[in-house]
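*Asks:* got a structure for you, letters missing:
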């Protein structure tokens with residue numbers, strides 16, 4: 001009996017110790033770090049509850065107001081859905097944290113006042129999603145599709161900035177260590193790409209601006225497509241570099257490339273440097289020019305086509321560059337039948353040559369007469385033989 005009591009007491013003590021151990025463990029450690037959201041209400045709850053390193057998985061497509069990160073990093077798994085973030089300020093703001101967007105799906109960060117994506121010392125990571133940064137204002141406010149500073153890093157699929165003036169920037173980046181990657185196109189009514197010292201921008205698509213296309217001040221800018229500008233094509237200063245894997249098009253040639261701020265050297269498409277410093281590209285640089293700033297370089301893979309205008313009169317004779325020897329081709333002489341009234345190469349008029357139609361009539365007439373004569377001869381021979389046989393019979 002005593003042994004039974006002791007055994008029961010031991011079991012109770014062990015159970016108490018186990019319960020005490022679970023009481024010491026924080027309840028947050030047992031909470032599920034993952035959350036789901038099918039609408040904006042559930043998404044608000046998930047943003048508040050998600051832990052650092054957690055995941056919010058969307059189970060539906062919906063619109064939301066704005067997303068701010070400043071104390072914790074997490075992942076939004078679009079899971080094939082679309083999330084549209086619309087705000088009258090910053091649509092997505094990342095301050096010292098990391099936001100990962102996981103695809104498939106589309107995240108549209110749309111602002112009507114400030115910028116689509118703002119990254120201050122933080123990181124926006126794109127894992128197979130489509131991220132569009134868009135800002136649209138009706139006045140001439142200073143706005144940006146993507147704005148990165150203080151070492152901020154962002155990867156988006158496109159950047160668009162539209163305003164009534166020249167201060168809408170597609171990609172604005174500043175402070176050493178900041179970088180922006182655009183896996184698509186950048187479009188702006190102001191400067192399409194503005195990059196400050198010791199920053200980098202990599203754009204895989206095309207760049208289009210109604211004002212200034214690219215500004216690189218000590219930055220490294222790479223553009224995988226074509227660049228089209230409504231004003232100045234590229235400005236590079238203080239050691240800035242720009243690489244264009246397509247062509248650079250501007251309305252007038254004297255606004256093709258501007259090198260430096262202190263010297264302000266203008267480069268037209270034909271002002272490239274030889275030999276090139278990058279194989280397969282035309283090189284434009286202000287190296288060796290007077291001025292205190294470091295030389296800048298722009299590499300363009302394709303020259304723009306020459307301007308074309310509709311001819312108002314007969315086109316001029318084709319000319320060749322000076323010093324070009326054009327070989328003369330000896331064409332064989334061909335006898336082309338002349339018709340009455342034609343001019344020969346010597347300028348004399350041919351009047352004694354029958355027309356082509358008359359030649360054909362004479363040929364057919366001669367053929368018909370010949371055939372009739374042959375038929376007559378054969379008939380005479382035939383009837384003579386018949387007459388001879390008839391006499392022999394008699």
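*Replies:* Noted; the coordinates are in hand. As the structure is a prediction and not an experimental result, all values here were calculated from the model. Residues are numbered from 1 along each chain as shown.

*Asks:* and residue 110, how far is that from residue 65?
*Replies:* Counting by Cβ to Cβ, to the nearest Å, the separation of residue 110 from residue 65 is 11 Å. C-beta here means a position set from N, CA and C on the backbone, and glycine is covered the same way.

*Asks:* swap in residue 148?
*Replies:* For residue 148 relative to residue 65 (Cβ to Cβ), the value is 22 Å.

*Asks:* Find residues that contact each of residue 110 and residue 65.
*Replies:* Among the neighbours of residue 110, those also in contact with residue 65 (Cβ atoms under 8 Å, 6 or more residues apart in numbering) are 85-87.

*Asks:* rewinding a little: and residue 110 and residue 65? which has more neighbours close in?
*Replies:* Per other Cβ atoms under 10 Å, whichever of residue 110 and residue 65 has more neighbours is residue 110, with 19 against 13.

*Asks:* which strands and helices sit next to the helix or strand containing the more buried one?
*Replies:* Per DSSP states H and E, residue 110 falls inside strand 106-111. Packing partners of strand 106-111 (3 or more Cβ pairs under 8 Å, 6 or more residues apart in numbering; DSSP states H and E): strand 82-87, strand 90-95, strand 115-120, strand 130-136.

*Asks:* Adjacent strands (with direction) for the next helix or strand after the last one?
*Replies:* So that's strand 130-136. The element immediately downstream of strand 130-136 (helix or strand, assigned by DSSP H and E) is strand 143-149. Strand pairing for strand 143-149, determined by DSSP bridges: strand 115-120 (parallel), strand 168-173 (parallel).

*Asks:* so which helix or strand takes in residue 46?
*Replies:* Using DSSP H and E, residue 46 sits in helix 40-49.

*Asks:* Can you list the strands that the next helix or strand after that helix pairs with?
*Replies:* Heading C-terminal from helix 40-49, the first helix or strand you meet, by DSSP H and E, is strand 55-58. Next to strand 55-58 in the sheet, as set by DSSP bridges, lie strand 34-37 (parallel), strand 74-77 (parallel).

*Asks:* Name the strands paired with the strand holding residue 110 and say parallel or antiparallel.
*Replies:* strand 82-87 (parallel), strand 130-136 (parallel).

*Asks:* quick one on the thing from earlier: can you go through the shared contacts of residue 110 and residue 65 and name the buried ones?
*Replies:* 85, 87 (16 or more other Cβ atoms under 10 Å).
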